[in-house]
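no FASTA, just this:
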């Protein structure tokens, strides 16, 4: 049996949102090795000064 991961490309390092958007829009994702990806979690925090970052102590 052939090891398909040897034929697949590693994911490039994308430093900006623009680079990531361009990669997703133009790359054939079937050519890339997804086995190296790891799950990540992000906590979205509202920007300071919007009122959403303070408790409602009105």
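Everything's here; your move. Given the structure is predicted, the values throughout are model-derived calculations rather than measurements.

Can you tell me the element the spatially most central residue of the chain falls in?
Central residue of the chain (CA atoms, centre = their mean): residue 20, 7.7 Å from the mean position. For residue 20, the host element (DSSP states H and E) is helix 17-26.

now for that helix, which elements pack on it?
Helices and strands touching helix 17-26, as assessed by 3 or more CB pairs under 8 Å, 6 or more residues apart in numbering; DSSP states H and E, are absent. Any C-beta I mention is one placed from the backbone N, CA and C, and that applies to glycine too.

what's the model's confidence in it, averaged?
Confidence for helix 17-26, expressed as mean pLDDT, is 96.

Would you mind pulling the contact partners of it?
Contact with helix 17-26 is made by 12, 14, as judged by CB atoms under 8 Å, 6 or more residues apart in numbering.

Flag every buried residue along that helix.
If you call a residue buried by 16 or more other CB atoms under 10 Å, then helix 17-26 has no buried ones at all.

Return the distance of that helix from the chain's centre.
10 Å (CA atoms, centre = their mean, to the nearest Å).

That'll do, ta.
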